[in-house]
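Asker: quick one: sequence plus predicted model below, questions after.
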Amino acid sequence: MKIAVGMSGGLDSTMTALLLKDRNTDVIGLTMRIWDGEPQPATSGKHGCYGPSEESDIMEAQAACSKIGIPHHVIDLTSEYSDLILKDFSSQYLQGRTPNPCVLCNPMMKFGAMLRRARADGFDFSHFATGHYARVNHDVHRDRYVLKKGIDPAKDQSYFLYRLNQAQLSQVIFPLGEYLKKDIRTLAVERGFSDFAYKSESQNFMDGGDYRSLINDEDRQPGLIIDLHGNVLGEHQGIDLYTIGQRKRLNLGGQAQPLYVIKKIADSHTIVVGRKENLTFSKFTVSNINWISVDKITQPIRLNAKFRYSQTAAPCTVHPANENEVMLKFDDAHLAATPGQSAVFYQDDEVVGGGVIGSVEYEDLEISVQSLN
């Protein structure tokens with residue numbers, strides 16, 4: 001077996017390569033080059049997988065592969081990343097949605113374009129491994145590859161992998177899914193990789209966490225900030241600068257109580273604000289669905305769902321609406337679901353599927369908010 005490992009220059013991918021090399025497998029390291037600007041040294045701010053410090057990460061990945069004793073190759077995907085990820089990202093924001101580029105990048109870039117390019121360039125491998133904390137296995141009874149949570153509940157990354165298809169899952173290996181993060185750190189120290197053990201991890205998809213530079217100023221339109229009755233409270237410089245549930249930077253002085261972004265209306269470049277309790281919802285639509293453990297659903301099914309990575313999956317009923325859309329109805333009310341983000345469905349530790357959040361039905365505001373369109 002010859003395995004390619006996606007190397008980021010961090011602890012998890014380095015230990016993934018080391019563990020696989022320990023199994024006497026033939027391992028090569030692959031790193032995507034996606035930044036097309038001038039390289040700059042890494043800063044002490046929030047580190048991301050896209051940004052000017054990429055060259056530092058590539059050098060770290062090269063050093064890790066050299067120390068492990070495996071070859072390392074850089075795959076230039078700057079053009080593909082711009083076309084597939086960045087253009088979609090800016091377009092979604094300008095439409096009033098809040099996309100998750102990491103969810104899109106995994107199937108299209110890391111598990112997609114990079115592997116196709118590497119094989120076209122003559123690199124031969126049968127499987128691909130990454131440092132994600134998740135698990136995958138083949139269920140012979142269903143004849144499907146199944147994605148599962150990693151055993152470390154604090155590090156499980158299955159949420160970001162729900163868009164992988166059966167062909168991609170069939171060649172994937174996630175060695176760290178069977179480990180706790182603390183044990184991986186211990187392993188790094190024991191094996192002489194102490195400099196990787198406590199290296200800061202990527203916290204955003206972009207260095208510094210400021211996405212505004214990805215939106216062209218000429219595409220950004222100012223507009224009004226209104227309340228739920230249509231009263232004008234202020235102005236803003238672009239709906240892409242705000243997300244659902246946001247309170248900061250609204251600059252609405254003199255209000256009796258804090259106000260939050262409730263809705264963004266792209267056609268009129270309008271932001272609607274209300275009180276925190278106005279963000280309460282118990283159901284929303286999900287479209288562009290990728291099913292993993294099943295081919296599709298034809299009747300309501302009881303599952304648990306996450307609509308943001310950091311939360312605990314909440315019990316809900318998933319109702320099929322049409323060929324590629326469902327309605328999620330949660331048992332309890334929740335706050336601030338964001339159109340454009342992902343909802344991922346679980347049954348115990350298994351990822352059933354997931355998709356993109358569409359329209360959110362607020363508990364008490366459905367009529368008044370929709371009337372503002």
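Answerer: Cool, the structure landed.
Asker: helix, strand or coil for Asp195?
Answerer: What DSSP: H, G, I helix; E, B strand; the rest coil gives for Asp195 is helix.
Asker: against Val74, how distant is it?
Answerer: Going from Asp195 to Val74 by Cβ to Cβ, to the nearest Å gives 21 Å. Any C-beta I mention is one placed from the backbone N, CA and C, and that applies to glycine too.
Asker: kindly export the helix or strand containing Met15 (C-alpha atoms) in PDB.
Answerer: Met15 belongs to helix 11-22 when elements are defined using DSSP states H and E. Once non-C-alpha atoms are left out, helix 11-22 reads as follows in PDB (Å, rounded to 0.1, in the frame of the first residue of the first chain):
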ATOM      1  CA  LEU A  11       1.200  18.500  14.600                       C
ATOM      2  CA  ASP A  12      -1.700  16.400  13.400                       C
ATOM      3  CA  SER A  13      -0.600  15.800   9.800                       C
ATOM      4  CA  THR A  14       3.000  15.200  11.000                       C
ATOM      5  CA  MET A  15       1.900  12.500  13.500                       C
ATOM      6  CA  THR A  16      -0.400  11.000  10.800                       C
ATOM      7  CA  ALA A  17       2.600  10.500   8.500                       C
ATOM      8  CA  LEU A  18       4.700   9.200  11.400                       C
ATOM      9  CA  LEU A  19       2.100   6.600  12.400                       C
ATOM     10  CA  LEU A  20       1.700   5.400   8.900                       C
ATOM     11  CA  LYS A  21       5.500   5.200   8.400                       C
ATOM     12  CA  ASP A  22       5.700   3.100  11.600                       C
END
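Asker: which residues touch that helix?
Answerer: For helix 11-22, the external contacting residues (Cβ atoms under 8 Å, 6 or more residues apart in numbering) are 3, 5-7, 27, 29, 61, 64-65, 68-70, 129-133, 173, 175-176, 184-185, 187-188, 191, 193, 196-197, 199, 201.
Asker: pull out the buried residues from those.
Answerer: Using 16 or more other Cβ atoms under 10 Å as the burial test, these include 3, 5-7, 27, 29, 61, 64-65, 68, 70, 129-133, 173, 175-176, 184-185, 187-188, 191, 193, 196-197 as buried.
Asker: the residues you listed in helices, which ones?
Answerer: Ala61, Ala64, Cys65, Ile68, Ile184, Arg185, Leu187, Ala188, Phe196, Ala197 (DSSP state H).
Asker: out of these, which comes closest to His319?
Answerer: Ile184 (39.6 Å; Cβ to Cβ).
Asker: so what's the closest one closest to, chain neighbours aside?
Answerer: Nearest non-adjacent residue to Ile184, counting by Cβ to Cβ, 6 or more residues apart in numbering: Met15, 5.1 Å away.
Asker: roughly how far does that neighbour sit from Val360?
Answerer: Using Cβ to Cβ, Met15 is found at 39 Å from Val360.
Asker: quick check: which ranges of the chain have low pLDDT?
Answerer: Low-confidence segments of the chain (pLDDT under 70): 41-46, 202-204, 208-209, 364-373.
Asker: can you pull out the helices in it?
Answerer: Listed in chain order, the helices of the chain (DSSP H) span 11-22, 54-68, 78-81, 87-94, 101-105, 114-120, 166-169, 181-190, 194-197, 366-370.
Asker: now the ones you listed in TSV, with distance to Lys296?
Answerer: Putting these into TSV (distance: least, Cβ to Cβ, whole Å) gives the following:
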stretch	distance to Lys296
helix 11-22	33
helix 54-68	39
helix 78-81	30
helix 87-94	25
helix 101-105	20
helix 114-120	27
helix 166-169	13
helix 181-190	35
helix 194-197	42
helix 366-370	28
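Asker: show me the one of those that comes nearest Gly354.
Answerer: Closest of the helices of the chain to Gly354 is helix 101-105, at 8.4 Å (criterion: Cβ to Cβ).
Asker: what are the contacting residues of that closest one?
Answerer: Cys49, Tyr50, Tyr81, Leu84, Ile85, Asp88, Phe89, Phe160, Tyr162, Arg163, Phe205, Ser342.
Asker: buried among those residues? Need that as a selection in ChimeraX.
Answerer: To isolate the buried members of the contacts of helix 101-105 in ChimeraX, using 16+ other Cβ under 10 Å:
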select :49,50,81,84,85,89,160,162,163,205,342
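Asker: how much space between Val273 and Thr31?
Answerer: Taken as Cβ to Cβ, the span from Val273 to Thr31 is 43 Å.
Asker: nope, Ala197 is what I meant
Answerer: 20 Å.
Asker: equivalent analysis for Lys199, please.
Answerer: 16 Å.
Asker: now do the buried residues in stretch 260-270.
Answerer: Tyr260, Val261, Ile262, Lys263, Lys264, Ile265, His269, Thr270.
Asker: now do stretch 220-228
Answerer: For stretch 220-228, by 16+ other Cβ under 10 Å, it's Arg220, Gly223, Leu224, Ile225, Ile226, Asp227, Leu228.
Asker: ok, stretch 250-258 next?
Answerer: Leu250.
Asker: ends of it, what's the gap?
Answerer: 10 Å (Cα to Cα, to the nearest Å).
Asker: which residues touch it?
Answerer: So stretch 250-258 is contacted by Ile225, Leu233, Gly234, His236, Tyr242, Arg247, Leu259, Val261, Val273, Arg275, Lys276 (Cβ under 8 Å, 6+ apart).
Asker: got TSV for those, with distance to Asn304 too?
Answerer: Output for the contacts of stretch 250-258, formatted as TSV (distance: Cβ to Cβ, whole Å):
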residue	distance to Asn304
Ile225	36
Leu233	38
Gly234	39
His236	36
Tyr242	29
Arg247	28
Leu259	32
Val261	27
Val273	31
Arg275	29
Lys276	25
